[in-house]
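Asks: Generate a structure from the sequence data that follows.
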Amino acid sequence: MAGRKRHSGRRAVPRRWAADLGPILARRTRRLTATAARRFTRPRGHAAILIYHRVASPARDSWSLSVSPATFADQMALVAEDYRPVALSELVTGLSRGRVPDRSVAITFDDGYVDNLEYGLPVLERLGVPATIYVATGYIGSDAPFWWDEAEDLLVGPGARPDRLELRIGSRQLALATAAAEERETALADGVQPALRESTPGAIESALRALRAWAGRPPEPQASEETGRALRSEELVRLERSEVIEVGAHTRWHPSLRALSPAAARAEIAGSRDDLERLLDRSPLHFSYPFGDRRRVTSRLAREARFTSAVAVEQAMPVTCRSDPYALPRSQAVEEDITLFQARLAQALW
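Replies: Predicted coordinates for the structure are as follows:
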């Protein structure tokens with residue numbers, strides 16, 4: 001209508017209200033700024049978790065799983081002198097309370113090799129360095145090597161081999177040249193090992209039986225000093241009785257949990273817990289994903305199995321108060337000069 005003042009649709013703020021809004025908005029801005037700073041600021045307290053497998057000096061070490069006894073002693077001495085060694089349980093308790101001991105280092109071993117007891121434990125006890133040893137319980141007391149060690153020995157160990165390998169692993173059919181040593185190395189790294197890793201325990205054992213026949217080996221596997229063997233039950237008890245050792249679970253047969261159905265993964269995870277309860281008369285608190293492979297479903301299964309933590313493998317990642325206790329990162333320890341080890345550890349604590 002002509003002559004009527006047009007209205008914008010927004011109500012004007014009275015002057016007396018505007019005077020009050022200034023301090024309110026300022027306080028709100030300060031709170032939002034502080035929240036953003038806390039969200040994006042580096043959290044206080046950094047820890048590193050190191051992963052070992054063997055304390056040994058085998059002639060072959062295709063997967064870099066071994067650290068010699070002398071090197072292990074040097075590495076543990078550096079950890080004891082320059083850092084704060086902590087038990088994994090102490091680290092996990094700190095996480096639950098929202099804090100992590102700064103420059104702390106937790107030592108872990110995967111699989112359950114007997115050399116952890118023979119060569120690792122004396123060093124840890126002498127230096128007062130705690131460690132967690134995750135055990136693949138299906139191998140406890142067995143004379144068979146772990147399946148990845150046996151596969152390596154059958155393919156690239158000493159002795160003559162046929163010129164060709166025809167091998168079914170689960171649903172995969174492999175046809176590989178194996179006449180020369182270099183061909184066998186390639187067959188192991190690019191063909192046999194990846195296929196085994198993606199298979200179920202039953203398919204792995206079936207393939208190993210075929211490999212033994214192909215390599216001219218006896219049908220019953222036998223661990224050697226070269227391959228190493230798993231702990232026996234009485235040796236596991238000796239380890240667990242040490243004041244510096246916690247024993248954790250690592251499934252029964254060390255399959256990649258990604259290759260299993262949820263039901264099969266549950267049986268591997270909970271089964272290893274049950275085995276340790278029977279062997280040690282106590283429930284293990286900690287779990288390690290074989291190969292560091294995990295999915296959301298396997299993290300949930302680890303929780304359901306009443307573990308308080310689970311470790312994976314993510315190089316050069318620190319543990320902070322924001323870390324997921326069921327996806328704790330670890331850095332691989334290898335045979336190397338102590339200066340390089342020190343640099344690797346510093347990187348893991350960035």
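Asks: going forward, measure contacts and count neighbours with C-alpha atoms only.
Replies: Will do.
Asks: Strands along the stretch 151-300 of the chain, start to end?
Replies: Ranges of strands in the stretch 151-300 of the chain, per DSSP state E, counting those that start in this stretch, are 164-169, 172-177, 245-249, 286-288.
Asks: all helices of the stretch 51-200 of the chain, in order?
Replies: For the stretch 51-200 of the chain, the helices identified by DSSP state H, counting those that start in this stretch occupy 69-82, 88-96, 115, 121-127, 147-156, 181-186, 193-197, in order along the chain.
Asks: so which of the strands of the stretch 151-300 of the chain gets nearest Ser272?
Replies: Counting by CA to CA, Ser272 lies closest to strand 245-249 out of the strands of the stretch 151-300 of the chain; the figure is 5.7 Å.
Asks: by contact count, what packs against the closest one?
Replies: Using 3 or more CA pairs under 8 Å, 6 or more residues apart in numbering; DSSP states H and E as the contact criterion, the elements in contact with strand 245-249 are strand 131-135, helix 233-241, helix 262-280, strand 286-288.
Asks: Reformat the ones you listed as JSON lines; add mean neighbour count, distance to Arg168 and mean pLDDT.
Replies: What follows is those, written out as JSON lines (neighbours: other CA atoms under 10 Å; distance: least, CA to CA, whole Å; pLDDT from 0 to 100):
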{"stretch": "strand 131-135", "mean neighbour count": "27", "distance to Arg168": "28", "mean pLDDT": "98"}
{"stretch": "helix 233-241", "mean neighbour count": "16", "distance to Arg168": "33", "mean pLDDT": "97"}
{"stretch": "helix 262-280", "mean neighbour count": "19", "distance to Arg168": "21", "mean pLDDT": "97"}
{"stretch": "strand 286-288", "mean neighbour count": "29", "distance to Arg168": "29", "mean pLDDT": "98"}
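Asks: To Ile169, which of the ones you listed lies closest?
Replies: Ranked by CA to CA, the member of the helices and strands packed on strand 245-249 that lies closest to Ile169 is helix 262-280, at 18.2 Å.
Asks: Report the angle between the longest strand seen in the chain and helix 69-82.
Replies: Among all segments of the chain classified by DSSP state E, the strand with the greatest residue count is strand 104-111. Counting by axes from the mean of the first three to the mean of the last three CA atoms, to 10 degrees, strand 104-111 lies at 150 degrees to helix 69-82.
Asks: Give me the distance between strand 104-111 and the centre of its chain.
Replies: The offset between the C-alpha centroid of strand 104-111 and the centroid of the whole chain comes to 9 Å, using CA atoms, centre = their mean, to the nearest Å.
Asks: where are the low-confidence patches of this protein?
Replies: Counting by pLDDT under 70, the ranges of the chain that qualify are 1-44, 316.
Asks: domains for it, by residue range?
Replies: Residue ranges of the domains in the chain are recorded as 47-142+230-348, 147-215, according to automatic domain parsing.
Asks: Now do the end-to-end distance for the shortest one.
Replies: Counting by CA to CA, to the nearest Å, the length from the leading to the trailing residue of domain 147-215 is 15 Å.
Asks: pretty sure Ala310 is touching Ala327, no?
Replies: Yes - using CA atoms under 8 Å, Ala310 is in contact with Ala327, at 5.8 Å.
Asks: between those two, who's got more neighbours?
Replies: Ala310 (26 against 21; other CA atoms under 10 Å).
Asks: In a helix, the more buried one, correct?
Replies: No - assigned with DSSP: H, G, I helix; E, B strand; the rest coil, Ala310 falls outside any helix and is strand.
Asks: Quick one: residues contacting it.
Replies: Contacts of Ala310 were listed using CA atoms under 8 Å, 6 or more residues apart in numbering, and they are His286, Phe287, Ser288, Tyr289, Ser299, Ala302, Pro325, Tyr326, Ala327, Leu328.
Asks: OK, contacts around the nearest residue to Gly292 once chain neighbours are set aside?
Replies: Excluding its sequence neighbours, the residue lying closest to Gly292 (CA to CA, 6 or more residues apart in numbering) is Ala312, at 4.1 Å. Applying CA under 8 Å, 6+ apart, we find Ala312 in contact with Ser288, Tyr289, Phe291, Gly292, Asp293, Arg294, Ala327, Leu328, Pro329, Arg330.
Asks: same thing but 10 Å
Replies: 49, 51, 287-294, 326-331 (CA atoms under 10 Å, 6 or more residues apart in numbering).
Asks: Distance of it relative to Phe291?
Replies: 8 Å.
Asks: next one: Ala215
Replies: For Ala215, the distance to Phe291 under the criterion CA to CA works out to 27 Å.
Asks: who has more neighbours, those two?
Replies: Set side by side, Ala215 and Phe291 show more neighbours around Ala215, with 18 against 15, by other CA under 10 Å.
Asks: Please verify my assumption that that one contacts Leu167.
Replies: No - contact criterion CA atoms under 10 Å: Ala215 and Leu167 do not qualify, at 12.0 Å.
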